[in-house]
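In: predicted structure and sequence below. I'll ask about it afterward.
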Amino acid sequence: MKMLLRSVRLVIWSMAFLALTSLASAAEINVVSSGGFAAAYKALAPEFEKATGNTLKSAWGPSMGDTHNAIPQRLERGEPIDVVIMVGNSLDKLVKEGKVDPSSTVLLARSKIALAVRAGAPAPDIATVDALKQTMLKAKSIAYSDSASGTYIAKVMIPKLGLADALKDKARMIPAEPVGKVVARGEAEIGFQQLSELKPVEGILIVGLIPDAVQEVTLFSAGVVKGAKNPEGAKALLKYLASPQSAKVIDDTGLEAANH
């Protein structure tokens, strides 16, 4: 009965959503998403386009940093963007800078960090903090991202474990590329990144989430860029991504949907 009622509610919500979005004329919506939410976005985008008639023009980039494709850098050089999907505290910074409409922001998902090795390699022990520490000490090379998870690994977790000196010559940040790809090529023995960013990568074994005691939960949020050419379409997209209808798809990518 509960499943039936939930299904009925979703159908009613979907009809209301379609009615709402059909009021706006179909148009192009420019979206830039960080990698952590990319798999969920790619899975949800076709249904939104089908339901609304809007066309999503999508691009990808880190939530922070100075690389060419980083979302703050894109906005700084005036790229035409309607929606940004990114790490929550980085989005908050853009709001404070007057680049994103504060009334439009919405929490989409929570994300945790996982560890991966090359496919076929033995799975190291990361069940406890001590086991993780020993795995990192034994590894010949370690990679982490240039976005939220990597910043946490480098500036918080490694110092907290007392490994800063021991790892300084073998742990490195990977700019503008998924960590999983570096691990798959054998250029790093172990790699850390958001679970949702590791899952789409072929050629790796995802060992699991790092222990709760050293885990960092990253929030992914979205907002409408000030001066967006299609603000109504942008708001409709955010409403769709944050809806109960989208929650299962988001969960399936390794994230935890905010709307349950």
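Out: Perfect, thanks for sending it.
In: poorly predicted segments of this structure, please.
Out: 1-25, 260 (pLDDT under 70).
In: now the strands for it?
Out: Along the chain, the stretches classed as strands by DSSP state E are 28-33, 55-60, 83-87, 106-111, 113-118, 142-145, 171-174, 190-194, 204-209, 218-224, 256-257.
In: okay, the ones you listed in a markdown table with mean neighbour count and distance to L238 next?
Out: For glycine as for every other residue, the C-beta is placed from the backbone atoms N, C-alpha and C. Shown next, in a markdown table, are the strands of the chain (neighbours: other C-beta atoms under 10 Å; distance: least, C-beta to C-beta, whole Å):
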| stretch | mean neighbour count | distance to L238 |
| --- | --- | --- |
| strand 28-33 | 22 | 10 |
| strand 55-60 | 15 | 12 |
| strand 83-87 | 28 | 7 |
| strand 106-111 | 21 | 5 |
| strand 113-118 | 24 | 26 |
| strand 142-145 | 26 | 25 |
| strand 171-174 | 19 | 30 |
| strand 190-194 | 28 | 21 |
| strand 204-209 | 18 | 28 |
| strand 218-224 | 24 | 5 |
| strand 256-257 | 19 | 14 |
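In: of those, which is nearest L132?
Out: strand 113-118 (7.7 Å; C-beta to C-beta).
In: just the buried residues of stretch 97-106, please?
Out: 99-101, 104-106 (16 or more other C-beta atoms under 10 Å).
In: residue contacts, the residue nearest in space to the middle of the chain?
Out: Central residue of the chain (C-alpha atoms, centre = their mean): G36, 1.7 Å from the mean position. Neighbour list for G36: 63, 87, 111, 147-149, 194, 196-197, 218, 220, 255 [criterion: C-beta atoms under 8 Å, 6 or more residues apart in numbering].
In: that older thread, reformat the strands of the chain as CSV; add distance to M136.
Out: Output for the strands of the chain, formatted as CSV (distance: least, C-beta to C-beta, whole Å):
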stretch, distance to M136
strand 28-33, 30
strand 55-60, 29
strand 83-87, 24
strand 106-111, 21
strand 113-118, 9
strand 142-145, 6
strand 171-174, 8
strand 190-194, 7
strand 204-209, 12
strand 218-224, 20
strand 256-257, 26
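In: out of these, nearest to S246?
Out: strand 256-257 (7.0 Å).
In: how about the helices in this structure?
Out: Counting by DSSP state H, the chain has helices at residues 2-21, 35-52, 71-76, 88-96, 129-138, 148-152, 158-160, 164-167, 179-184, 195-198, 231-241, 244-252.
In: for K235, list the residues it contacts.
Out: 104, 224.
In: any idea how far it lies from A123?
Out: Separation of K235 from A123 (C-beta to C-beta, to the nearest Å) stands at 44 Å.
In: same deal with E177?
Out: 23 Å.
In: please apply the same query to A188.
Out: In terms of C-beta to C-beta, A188 sits 16 Å off from A123.
In: care to break the chain down by domain?
Out: 2-110+219-257, 113-214 (automatic domain parsing).
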